[in-house]
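Asks: Attaching a predicted model along with its sequence, questions to come.
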Amino acid sequence: MENILKVDKIEKYYGSRSSLTKAIDNLSFEVEKGEFVAIMGASGSGKTTLLNCISTIDRVTSGHIFVGGIDITKLKGNELNKFRREELGFIFQDFNLLDTLTAYENIALALSIQSASVKEIEAKIKKVSEELDIKDVLNKYPYQMSGGEKQRVASARAIVTNPKLVLADEPTGALDSKSSKMLLEKFNYLDELGATILMVTHDAFTASYARRVIFIKDGKIFKEIHKGNDTRKEFFDKIIDVVTLLGGDLNNAL
Amino acid sequence: MLYKLSLKNIKKSMKDYTIYFFTLILGVAIFYVFNALDSQTVMMDVSQSTQELIELMMTILSSVSVFVSFVLGFLIIYASRFLMKRRNKEFGIYLTLGMSKRKISLILFFETLFIGILSLIVGLGVGVLISQIMSLVVANMFEANLTKFAFVFSTSACIKTIIYFSIMYLLVMIFNTISVSKCKLIDLLNGAKTSEKVKLKNPYLCIIIFIISSIALGKAYYMVTAEFLTLQNVTDILKPIIMGIVSTFLIFWSLSGLILRIVQSLKKYYYKGLNSFTLRQFSSKINTTVFSTTIICLMLFITICLLSACLTIKNSMNANIRELAPVDALFTQNMNMDKYYDDYRMYGYSDTQIKNSHYTAKEMFELFNYDITSYFKEYIEVNIYATSDLTLNHTLGSKLDSIRTEFPFLAYDTKESIMKIGDYNKVARFYGNNEYSLNDDEYMIVADFESMVKIRNIALENGEEINLFGHTLKPKYNTCQDGFLDMSSNHINSGIIIVPDNVINEDYLIQNYLLGNYKTTDKEKIIEIENNINKLDNNPKANDYLLPSGSTKLDIKEATVGLSAMVTFIGLYLGIIFLISSAAILGLKELSESSDNKERFRMLRKIGADEKLINKALFRQIAIFFTLPLILALIHSIFGIMFAIKVLEVFGTNELLPSIVATAIILIFIYGGYFLITYYCSKNIIKERH
């Protein structure tokens, strides 16, 4: 299988020489095309830093990150924006929808930034809104939608441009369990359609929807487990086992 | 501690304060410059009468200053309340930490104090520098020579500036204290979170209101321009003004709902780059800013009209002197006053003066043993005749009734001034105007006062004949011809009837004119001659014999120069203050919007919008808010200036274009400057820091 993401021995230090914090310490992993990977870790384990580095919001201290064969740590200025625009899709914990725009316009914005034609925009939004079941809310404003709807609109905005990699930062963090479940099922569905998703979470239930979970502790990979042919429930139990092993504040299971 | 906190606050919010601070400095500087104008004239070589005019100008300017301080005071209070609102959260945190409201007020007090003192010092410094340049402008205005260049500093203007602005800052402090003591903690903390809901207005209602208000505005325009002559009372002009204000508001109100709909339907444009975002930003805000946009639009309108009208008056007046005061001196002598004894008695002439009124101007001077003609290089004498058989009623003839209904306030019983064609041609030759010839049965009218010319032309076109001393005369021309007899600074000749020489009955001579050019061209000597003529008033004979009244080129010139300088300075003063006030309000609003939008722009960056696209969106957003009130203000101004031209007709409006260009330059410089500062500050605010 083709490698979409290759993280190669990256390190990220914070602070000065006298008080150095290694947020990420020599970390490497790969994500293949069409995979759905969750990254778990306690607060301060470095998972958000990792996501920020991959999304080019932050820069690594050393090491390389390849997305679709391009070394993104070497990109600068507008190349970075172009990369983010064309290769990445973002889903944030707090949705980050523009409150002045309707759902349709929010999704369209991601396409219009790429100078897509009106026809193309219409067709793509129609398709993605069917996939994510948000056809009824397209003309609503964010304040008129529920949290789950908002997050599905945000997801639609993230995948409508057919990015190589979808990055999700605690996508269920602000959702109740029912909405979370619905959203994650949609993620599974997108995964089946061929999207590559990298999700950061500290919630075992959320992680159990992924096909692979990478545990991070103190900036290093602690353990990695595959779903394989397990049911979601079995996979969840496995995750809980690792979480217990990890200790810390990751034991808020169920 | 509090002191430190407020200093830090100022430093921290410098970005928000830049425009505020900049405006304060400008306000202080302008206030100083215009109040210190008189100090510039000290080093100039000006005559006594000019000096008096300058004093008058300063008196008017200081009353204008009171008005200006109200405008600036309003601006400062608005701005400071606005900046305070942005810090609700900060105050909320102070309160939750247990700080008393009194202490918060104290923080604000210190902040206002710092900013006030700093802006006064810097503003006065800038003002003193600008006033050095102003001395050149003042000298140019009064057409005076700069005898020497010295650094001027007006202590009185400085003290006045400090007092006025201290009062304003004091008011700000009081307002701040009141609003702090009134605020509730819950509102302070949640203030930022309650986001404005996007209300879309009913598009049909918007269209209807837009159409209605456009029609109303058109009607108001029509009333002040095409129907200008029917506006007779002050209350008549109020109607179009109120219509204009209301429809301005409604146009902005309906546009805010319409623009979005219209552009949304242009899908190709709407879904291009960040256009949808920009437009939504705009329409989400205009809902709440319709009122302030209206105010700004109207202020810009006033500014544009004020500046261009004042500059037109100044330019035209200066041009008029050359044209309308072609000779050095003109003396008028009332003659045969006993013929209309009662009338002249009413005007306050003495019995003996009326009785002894059978001398020409020249003869009268001789009677006083003053040989005026010996000072003249060249001179002419002409006569004016009048009879109660020829009044405006008669010259308008059959058109009288229709004209009377349209212009009920004209003095129709005024006796017309009549002149022999020979006399008029003498004057015309002397002035360098056109000469005419008449057949025995013809008459003509010379006039240059536009409104009267129009009225008279109605009758002339109709070929109205007049009866004079037993002759019936028909008009030679179907319009009034351009020309004048009396010298003045404006076109105010409302009409002289010119008739063939043989028609005149010498019994009806009422005025004799003596016109001449001095031998000398030296200003000092001319002043001496004219002073000597004025001294004749002290001669005891003056009680029994009426001296000729004179108007000289020098008098007219000085009066004109003084008046035009006065008009220009008042116009500039008010215009610039209005302009900076409206631009500052807009700038402050946009800057604070930008800090509110920081989050939104960050979101756009996250989904991959590059800096170029974001800056473009920001630029457009600010540009829309700056240009929208300007566009309507410009449309208003077209009609406003047309109206002003009609009002100012007597001054002559042939110099309109240069003043409009000058106004445009001032507008672009100040308004455009504010726009650019706002844009660059906003860009700085939304910039992502790594």
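Replies: It's in.

Asks: how far away is the residue in the stretch 1-150 of chain A positioned nearest to chain B from B:I380?
Replies: Nearest residue of the stretch 1-150 of chain A to chain B (CB to the nearest CB) works out as A:R85 at 2.7 Å. C-betas here are computed from N, CA, C, even on glycine. For A:R85, the distance to B:I380 (CB to CB, to the nearest Å) stands at 87 Å.

Asks: For these two, work out which one has more neighbours and name it.
Replies: A:R85 (19 against 15; other CB atoms under 10 Å in any protein chain shown).

Asks: Correct me if wrong: that one contacts A:I113.
Replies: Yes - shown here, A:R85 and A:I113 form a contact pair, counting by CB atoms under 8 Å, at 5.9 Å.

Asks: what touches both of these two?
Replies: When contacts are counted by CB atoms under 8 Å, 6 or more residues apart in numbering or on different chains, A:R85 and A:I113 have B:I607, B:G608, B:A609 as shared neighbours.

Asks: what's the pLDDT at the residue of the stretch 1-150 of chain A closest to chain B?
Replies: With respect to pLDDT, A:R85 has a value of 81.

Asks: Just the strands from the chain, written as ranges.
Replies: Chain wasn't specified; assuming chain A. Using DSSP state E, the strands found in chain A span residues A:3-14, A:21-32, A:36-41, A:62-67, A:70-71, A:88-91, A:165-169, A:197-201, A:212-217, A:220-226.

Asks: please go with chain B instead
Replies: Under DSSP E, chain B gives strands at B:329-334, B:376-385, B:417-420, B:442-446, B:466-468, B:471-475, B:496-499, B:509-518, B:549-552.

Asks: Could you export these as CSV, including distance to A:E131 and mean pLDDT?
Replies: What follows is those, written out as CSV (distance: least, CB to CB, whole Å; pLDDT from 0 to 100):
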stretch, distance to A:E131, mean pLDDT
strand B:329-334, 94, 84
strand B:376-385, 97, 86
strand B:417-420, 93, 88
strand B:442-446, 88, 88
strand B:466-468, 94, 84
strand B:471-475, 89, 85
strand B:496-499, 91, 88
strand B:509-518, 97, 85
strand B:549-552, 91, 82
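
Asks: Turn the ones you listed into TSV, columns for distance to B:K11.
Replies: Converted to TSV, the strands of chain B look like this (distance: least, CB to CB, whole Å):
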stretch	distance to B:K11
strand B:329-334	68
strand B:376-385	73
strand B:417-420	74
strand B:442-446	72
strand B:466-468	82
strand B:471-475	79
strand B:496-499	73
strand B:509-518	69
strand B:549-552	64
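
Asks: which residues of chain A fall in helices?
Replies: A:47-54, A:77-87, A:103-113, A:118-131, A:147-159, A:177-193, A:204-207, A:232-246 (DSSP state H).

Asks: Return the helix or strand bottoming out on mean pLDDT in chain A as PDB; C-alpha atoms alone will do.
Replies: Of all helical and strand segments in chain A, the minimum by mean pLDDT, DSSP states H and E falls on helix A:77-87, at a mean of 79. C-alpha atoms of helix A:77-87 as PDB (Å, rounded to 0.1, in the frame of the first residue of the first chain):
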ATOM      1  CA  GLY A  77       5.000  30.800   3.200                       C
ATOM      2  CA  ASN A  78       2.400  30.300   0.600                       C
ATOM      3  CA  GLU A  79       3.600  26.800  -0.200                       C
ATOM      4  CA  LEU A  80       2.400  25.900   3.200                       C
ATOM      5  CA  ASN A  81      -1.000  27.500   2.600                       C
ATOM      6  CA  LYS A  82      -1.200  25.700  -0.700                       C
ATOM      7  CA  PHE A  83      -0.300  22.400   1.000                       C
ATOM      8  CA  ARG A  84      -2.900  22.900   3.700                       C
ATOM      9  CA  ARG A  85      -5.500  24.000   1.200                       C
ATOM     10  CA  GLU A  86      -5.000  21.100  -1.300                       C
ATOM     11  CA  GLU A  87      -3.600  18.200   0.700                       C
END
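
Asks: Check what contacts it and list those residues.
Replies: Helix A:77-87 has contacts (CB under 8 Å, 6+ apart) with A:55-56, A:67-68, A:70, A:72, A:75, A:113-114, A:161, A:163-165, B:605-612.
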